[in-house]
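A.B. asks: missing the sequence, but the structure's below:
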């Protein structure tokens, strides 16, 4: 008799941004699986086992979760933000499809959360107020030329962009390369926001322009927002927004 | 002495998907402003005034909220989903920029919520598991040729797409037109999902393909997800996901 597997997004960091359904799923689990610093955000409960792992072991972690569920445990896999946005949900379904057929009939659900891009947008005003896209800059799992292709088309489309995995120690120069690609299409005046650890006590927001954007303002916890040519900063304020309308 | 204005997303519909910060903001408000059916989702509280309006009066509603705040009231403007995604936050900042300078120094904050696309993606598995975009199909506020241009570029980029405002009584044919545009770029086999009233008691999910997608499956409450060529349905299940990796 298999157990239950729930994939939970913990939101951007602040406890007030975790919905009750997510809290209930965490409370009901016998086993919590996730990247260590995310597990640290969850209140300790008796009789609950924690399986912390390194951030890069997503697929092994997903297999472990499915195997525990198959053995009858009630498992919660935790991600930061929304579990479906560059996080654990895809890894779990990849592992399910590649695994034993019995894994496909288990009780598996995903509970949505507030993603980093939504938290960053709210913090700034409404930069995602019109058509937008979300792109991971990591080339661990896709070729870098494809990332550049997507950045170029997104700029040509006039999308506001939320850039995930913008910078890591292993890829210190990719964000600068991405800015160069975007400068080939977009005016240097479009706003660029470095939104770091939004909603946490060490939150930081840096507003720049594409012409002046310094990649060093990003670290592993930074979501980078690239405005469209329509995105505006309200003079005398820190508010950025993208209007709902685009004139012909 | 001005009051306070908070712009709150109520999530996709289910009470368990509203975060505590949003609940606290609603509880603290003297005045609630929003589209009637959204206000109906909020628990009644004594001494709280409700200002319900028609869905299409966004900018008037935003001005009303800012004026009430300027007069010292504690105002909550409510949206469904996330207030920053094709919802009220942009309208409030547009109205702020066009209004009296004093409106720029008032206490205005946005509280993020779980957007319809994140709720739909979680319900299906993880279709938004890799690069994606969100596009409003409404041509009330932008020219239809621009919508088509964005759809084409998004398809060429390989983005999964979340289509907002996919169908309304005033624009019954736009979704079919959009499918035709996408069929010019994408294989007919890509999954198309009609996700209606997700998380509510009358939730409905229809999974189709681009070749067979029938626009009539959408109504005003439907988010339409268009898969990328990488998006997969796991055989024998209803789970859809987009893998984290794209092979070179």
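C.D. replies: Now that the structure is in, tell me what you want to look at. Because the structure is predicted, anything quoted here is derived from the model rather than measured.
A.B. asks: Low-confidence bits of chain A, can you list those?
C.D. replies: Where chain A drops to pLDDT under 70, the residues are A:55, A:248.
A.B. asks: ranges for the helices of it?
C.D. replies: Shown for chain A, the helices assigned by DSSP state H span residues A:20-28, A:36-39, A:58-70, A:88-98, A:116-124, A:144-157, A:174-183.
A.B. asks: In TSV: these, plus distance to residue A:203 and mean neighbour count.
C.D. replies: For every residue, glycine as well, the C-beta is placed using N, CA and C. Formatted as TSV, the helices of chain A follow (distance: least, C-beta to C-beta, whole Å; neighbours: other C-beta atoms under 10 Å in any protein chain shown):
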stretch	distance to residue A:203	mean neighbour count
helix A:20-28	21	18
helix A:36-39	16	16
helix A:58-70	26	21
helix A:88-98	24	25
helix A:116-124	8	28
helix A:144-157	26	20
helix A:174-183	20	19
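A.B. asks: mind putting those in TSV, distance to chain B included?
C.D. replies: Below are the helices of chain A laid out as TSV (distance: least, C-beta to the nearest C-beta, whole Å):
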stretch	distance to chain B
helix A:20-28	4
helix A:36-39	17
helix A:58-70	7
helix A:88-98	3
helix A:116-124	4
helix A:144-157	4
helix A:174-183	13
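A.B. asks: Select, out of those, the one closest to residue A:47.
C.D. replies: In this view, the helices of chain A are compared for proximity to residue A:47 by C-beta to C-beta, and helix A:20-28 is the closest at 11.3 Å.
A.B. asks: and that closest one, what does it pack onto?
C.D. replies: strand A:4-9, strand A:74-79, strand A:107-111 (3 or more C-beta pairs under 8 Å, 6 or more residues apart in numbering or on different chains; DSSP states H and E).
A.B. asks: Would you mind saying which of the ones you listed lies nearest chain B?
C.D. replies: Counting by C-beta to the nearest C-beta, chain B lies closest to strand A:107-111 out of these; the figure is 3.9 Å.
A.B. asks: For that closest one, buried residues please.
C.D. replies: Within strand A:107-111, the residues that qualify as buried by neighbour count (16 or more other C-beta atoms under 10 Å in any protein chain shown) are A:108, A:110-111.
A.B. asks: burial count for residue A:185?
C.D. replies: Residues near residue A:185, counting by other C-beta atoms under 10 Å in any protein chain shown, number 15.
A.B. asks: Surely it touches residue A:155?
C.D. replies: Yes - counting by C-beta atoms under 8 Å, residue A:185 does reach residue A:155; the two are 3.8 Å apart.
A.B. asks: before we move on, back to that, just say which of the helices and strands packed on helix A:20-28 is most tucked in.
C.D. replies: Across those, the average number of neighbours (mean count of other C-beta atoms under 10 Å in any protein chain shown) peaks for strand A:4-9, which reaches a mean of 27.
A.B. asks: Enumerate every residue touching residue A:16.
C.D. replies: Taking C-beta atoms under 8 Å, 6 or more residues apart in numbering or on different chains, we find residue A:16 in contact with B:19-21, B:24.
A.B. asks: One more: residue A:142?
C.D. replies: In this structure, residue A:142 makes contact with A:136, B:130, B:245-246, B:248, judged by C-beta under 8 Å, 6+ apart.
A.B. asks: quick one: residue A:163 and residue A:227 touch, right?
C.D. replies: No - counting by C-beta under 8 Å, residue A:163 does not reach residue A:227; the two are 12.0 Å apart.
A.B. asks: where do the contact lists of the two overlap?
C.D. replies: Here residue A:163 and residue A:227 have no joint contacts, going by C-beta under 8 Å, 6+ apart.
A.B. asks: now the buried residues of strand A:107-111 as a markdown table including distance to chain B?
C.D. replies: Compiled in a markdown table, the buried residues of strand A:107-111 are given as follows (distance: C-beta to the nearest C-beta, whole Å):
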| residue | distance to chain B |
| --- | --- |
| A:108 | 8 |
| A:110 | 4 |
| A:111 | 6 |
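A.B. asks: Which two of the contacts of residue A:16 have the greatest separation?
C.D. replies: Greatest spatial distance among the contacts of residue A:16 (C-beta to C-beta): B:19 and B:24, at 9.2 Å.
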